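Enquirer: need a structure here:
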Amino acid sequence: MRNLASFDVLIAKIAELGKYYNPTKGGIQLEALGIVSQNAKAAIANVNALTNQHIYTVNVREAAFDSLKFLNKKLFKELQLTTCISETEIYMLIGSSKIICNQFASQPRYDFLLDNFCKIIKLLKANLLYLPEQAELKVSNLEEFYTALYLKNNEVKRINALLSNACLIRNEVMYREVNGLVALSAAVKMYIKYHFGWESTQFKQVANLVIKKAKS
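Expert: This is a model prediction of the structure:
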């Protein structure tokens with residue numbers, strides 16, 4: 001944002017020069033610089049909007065998967081009461097609970113939990129002795145819950161992909177080697193420096209504007 005603010009100040013200083021600022025290079029003409037500023041504002045706004053959306057979808061997913069932890073405990077208790085729990089089901093439920101308690105919120109974590117929950121449902125569906133009285137533990141409701149988790153997880157993936165693409169576009173607008181905002185700023189300063197002189201008031205007004213590439 002600091003780069004963009006300084007770039008707009010640079011444009012304002014150029015506008016004050018009027019007819020005395022008349023480069024032959026099209027990319028650093030006043031109108032072209034204004035378009036770059038507009039594109040940068042749009043790109044940054046898009047990244048900010050998608051960042052907020054990403055935070056929201058991640059929080060929604062986290063809340064949903066927290067519910068899975070309590071559901072697994074209920075499933076474990078139900079299977080113990082009915083004495084129809086297999087070693088595989090025990091391992092999957094305990095393993096799933098450990099992963100849920102791990103707060104490292106990486107995408108593979110959620111993918112694993114979904115895959116594991118799907119397998120648990122399939123095992124329960126095949127278990128003829130699994131006849132829970134609680135509605136939320138019935139296979140049909142477990143399947144509905146799985147679908148809800150799946151959709152929330154996929155929404156995070158979708159927004160994350162859009163955000164990654166938006167960041168690439170923003171970086172292209174800001175830091176492209178030839179026509180990026182930073183490169184154009186340097187070219188403008190160079191033009192003013194040689195056109196008006198190193199010690200000129202015109203150059204001193206823009207020389208200290210900080211417009212630089214972000215640290216990688």
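
Enquirer: rest of the way, CA atoms for contacts and neighbours
Expert: OK.

Enquirer: counting contacts, what elements does the helix or strand hosting residue 39 pack onto?
Expert: Taking DSSP states H and E as the definition, one finds residue 39 inside helix 30-81. Applying 3 or more CA pairs under 8 Å, 6 or more residues apart in numbering; DSSP states H and E, one finds that helix 30-81 makes contact with helix 2-17, helix 87-101, helix 139-175, helix 181-196.

Enquirer: Next secondary structure after the second one?
Expert: Toward the C-terminus, helix 87-101 is succeeded by helix 107-126 as the next helix or strand (DSSP H and E).

Enquirer: Go through that next one and flag the buried ones.
Expert: By neighbour count with 16 or more other CA atoms under 10 Å, helix 107-126 contains the buried residues 110, 113, 114, 116, 117, 118, 120, 121, 123, 124.

Enquirer: As TSV, the residues you listed with distance to residue 141 and pLDDT would be great.
Expert: Below are the buried residues of helix 107-126 laid out as TSV (distance: CA to CA, whole Å; pLDDT from 0 to 100):
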residue	distance to residue 141	pLDDT
110	20	90
113	17	87
114	15	91
116	17	86
117	13	90
118	13	90
120	13	85
121	10	90
123	15	83
124	12	85
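
Enquirer: Return the closest of those with respect to residue 10.
Expert: In terms of CA to CA, no member of these lies closer to residue 10 than residue 110, at 46.7 Å.
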